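Asker: Just to be clear, the model below is a prediction. Sequence and coordinates:
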Amino acid sequence: MKILMPILAVAITFSAIITFGRTEAFADEQERELFEQSQEIQLERATEILEKFAEQQEQPLADPDKVRDVSIFLERLNRPSLNEIRASTLRIIDNASTATGEKDLPKLETLSLAEKLNAKEVILDKADFLPAFFVVEAAKRQSHIGRVIFKQSYVHTDDEDRKFVFYPGDAWGTCFLVAPNIIMTNNHVIESKEFAQAKIRVQFNYQRNSDGTLKDSVHYNLAPSLFFHTNKVLDYTLVGVSAGTENDPLSGPPGGHWGFYPLAHALGPQAITPYEGMAMNIIQHPNGRPKEIAIHNNKLDRALGEHFLVYTTDTQSGSSGSPVFDNSWTLVALHHAPGEVKDDKWVNNRGIRIRSIINDLLSSLSAEQLMQLGLSEP
């Protein structure tokens, strides 16, 4: 009974705070009604828990979870006006555990929030939590990525002198917008102004809806006269894109509709030096399929020399020219090829460090071209 009386006092005090704790004016009668309804629900639940605990005092407290209920419920309310009643409740519970001789019952005042709420949950191996902005930023980045396709037939001869015929609409690679009207891809995807002008166009929004149907995609012709720069050693190309589309011209440059990734962002304060094990996320058109994203089993193995990185992220033919991002969706590299072979098996893929590409641009382009890329001030 000595234990029961303080518990009933807690219930009465808690009821008073729930009912009369709000002193500010309500905007209207509807707001007052909603508030009172929510308080009634809270009071019902609190009273139920307190009564349950009071009944339990007739028996030894064998189950620690039964006395945690009150503390957890009050903690979740997180109302500053209830601080005093929380402390009082915790003292009563601790006194109850001592009085009943349950020495193993945890003293709730000493438990952390994690211990109170997640005592039966653990992190396995290492934490895999990501902030919610991961999916928000991913949605933004994916819209910048396009598919490089042929607009005329083309016969390609590979390194083994084999010939392959590509027809209009066939996929050739991946690209992404780095300025309102400039894309980046690989040199081996677009190696010359002539090839860009005569053979290639880019397709944005080639991806599926959640029900599996294809979205409406948009095609753009390239405009190498607007901008063109390539480097065979670092295997990258930057080329201009026309402002209109073939079928239904959109106003302004394509980046105004699909967005773009400013290269200067890759040099910003959020950029980090690549390290072994960091995530390497790739948005791509593997084998020319609708846009896909690789974010599992995607760790950086190591750097290869000054300019290249190798990673375990999946890619396929058609992924060349894809952007490689870290988990903050900062651009890290430009994917361009398979990586290393061990025991007659490919074990990783390879990309060019974006810092190496930007350094080459800074040393190679005119002030006007750098301004077009946002790498210098007007």
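Answerer: Thanks, I have it.
Asker: Now do the strands in the stretch 151-300 of the chain.
Answerer: For the stretch 151-300 of the chain, the strands defined by DSSP state E, counting those that start in this stretch cover 154-157, 163-166, 171-179, 182-185, 200-204, 218-221, 228-231, 236-240, 281-284, 292-294, 300-304.
Asker: Please convert those to a markdown table, extending it with distance to residue 331 and mean neighbour count.
Answerer: Yep, even glycine has a C-beta here, placed from its N, CA and C like the rest. Output for these, formatted as a markdown table (distance: least, Cβ to Cβ, whole Å; neighbours: other Cβ atoms under 10 Å):
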| stretch | distance to residue 331 | mean neighbour count |
| --- | --- | --- |
| strand 154-157 | 28 | 11 |
| strand 163-166 | 29 | 11 |
| strand 171-179 | 9 | 25 |
| strand 182-185 | 9 | 28 |
| strand 200-204 | 18 | 24 |
| strand 218-221 | 21 | 20 |
| strand 228-231 | 17 | 18 |
| strand 236-240 | 12 | 25 |
| strand 281-284 | 10 | 25 |
| strand 292-294 | 15 | 19 |
| strand 300-304 | 14 | 17 |
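Asker: List just the one of these that sits closest to residue 125.
Answerer: strand 300-304 (18.3 Å; Cβ to Cβ).
Asker: Restricting to C-alpha, output that closest one in PDB.
Answerer: Presented in PDB, the C-alpha positions along strand 300-304 are these (Å, rounded to 0.1, in the frame of the first residue of the first chain):
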ATOM      1  CA  LEU A 300      36.200   1.400 -53.100                       C
ATOM      2  CA  ASP A 301      39.100  -1.100 -53.300                       C
ATOM      3  CA  ARG A 302      41.900   1.500 -53.700                       C
ATOM      4  CA  ALA A 303      43.400   4.100 -55.900                       C
ATOM      5  CA  LEU A 304      45.400   3.000 -58.900                       C
END
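Asker: That strand pairs with which strands, and in what direction?
Answerer: Strand 300-304 pairs in its sheet with strand 308-311 (antiparallel), by DSSP bridges.
Asker: Skip ahead from the partner strand and say which helix or strand is next.
Answerer: Once the chain leaves strand 308-311, the next helix or strand it forms, by DSSP states H and E, is strand 323-325.
Asker: Report the buried residues of that next one.
Answerer: Using 16 or more other Cβ atoms under 10 Å as the burial criterion, the residues of strand 323-325 that qualify are 323, 324, 325.
Asker: Dump the residues you listed into JSON lines; add distance to residue 354 and pLDDT as well.
Answerer: Below are these laid out as JSON lines (distance: Cβ to Cβ, whole Å; pLDDT from 0 to 100):
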{"residue": "323", "distance to residue 354": "8", "pLDDT": "98"}
{"residue": "324", "distance to residue 354": "8", "pLDDT": "98"}
{"residue": "325", "distance to residue 354": "10", "pLDDT": "97"}
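Asker: Dump the residues you listed to CSV, plus distance to residue 145.
Answerer: Compiled in CSV, those are given as follows (distance: Cβ to Cβ, whole Å):
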residue, distance to residue 145
323, 7
324, 12
325, 11
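Asker: List just the nearest of those residues to residue 372.
Answerer: Of all the buried residues of strand 323-325, residue 323 has the smallest distance to residue 372: 18.8 Å, by Cβ to Cβ.
Asker: Residue 262 reaches residue 180, doesn't it?
Answerer: No - judged on Cβ atoms under 8 Å, residue 262 makes no contact with residue 180 at a distance of 10.0 Å.
Asker: before we move on, back to that, any chance of the strands of the stretch 151-300 of the chain in TSV, with mean pLDDT and distance to residue 123 too?
Answerer: Output for those, formatted as TSV (pLDDT from 0 to 100; distance: least, Cβ to Cβ, whole Å):
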stretch	mean pLDDT	distance to residue 123
strand 154-157	93	49
strand 163-166	94	49
strand 171-179	98	35
strand 182-185	98	38
strand 200-204	96	40
strand 218-221	93	44
strand 228-231	98	44
strand 236-240	98	40
strand 281-284	98	22
strand 292-294	97	24
strand 300-304	95	22
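Asker: can those strands go into JSON lines with extra columns for distance to residue 358?
Answerer: Shown next, in JSON lines, are those (distance: least, Cβ to Cβ, whole Å):
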{"stretch": "strand 154-157", "distance to residue 358": "30"}
{"stretch": "strand 163-166", "distance to residue 358": "31"}
{"stretch": "strand 171-179", "distance to residue 358": "10"}
{"stretch": "strand 182-185", "distance to residue 358": "11"}
{"stretch": "strand 200-204", "distance to residue 358": "22"}
{"stretch": "strand 218-221", "distance to residue 358": "24"}
{"stretch": "strand 228-231", "distance to residue 358": "12"}
{"stretch": "strand 236-240", "distance to residue 358": "10"}
{"stretch": "strand 281-284", "distance to residue 358": "19"}
{"stretch": "strand 292-294", "distance to residue 358": "24"}
{"stretch": "strand 300-304", "distance to residue 358": "16"}
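Asker: Out of the ones you listed, the one nearest residue 363 is which?
Answerer: Residue 363 lies closest, by Cβ to Cβ, to one member of the strands of the stretch 151-300 of the chain: strand 228-231, at 10.8 Å.
Asker: which residues are in contact with that closest one?
Answerer: Applying Cβ atoms under 8 Å, 6 or more residues apart in numbering, the contact partners of strand 228-231 are 187, 190-193, 196, 236-240, 357, 360-361, 364-365, 369.
Asker: again, only using 10 Å
Answerer: For strand 228-231, contacts defined as Cβ atoms under 10 Å, 6 or more residues apart in numbering pick out 182, 184-187, 190-193, 196-197, 222, 224, 236-240, 352, 356-357, 360-361, 364-365, 369, 373.
Asker: Run me through the strand neighbours of it, direction for each.
Answerer: Using DSSP bridges, strand 228-231 pairs in its sheet with strand 236-240 (antiparallel).
Asker: and the contacts of strand 228-231, which are buried?
Answerer: Buried members of the contacts of strand 228-231, counted by 16+ other Cβ under 10 Å: 182, 184-187, 190, 193, 196, 222, 224, 236-240, 352, 356-357, 360-361, 365, 369, 373.
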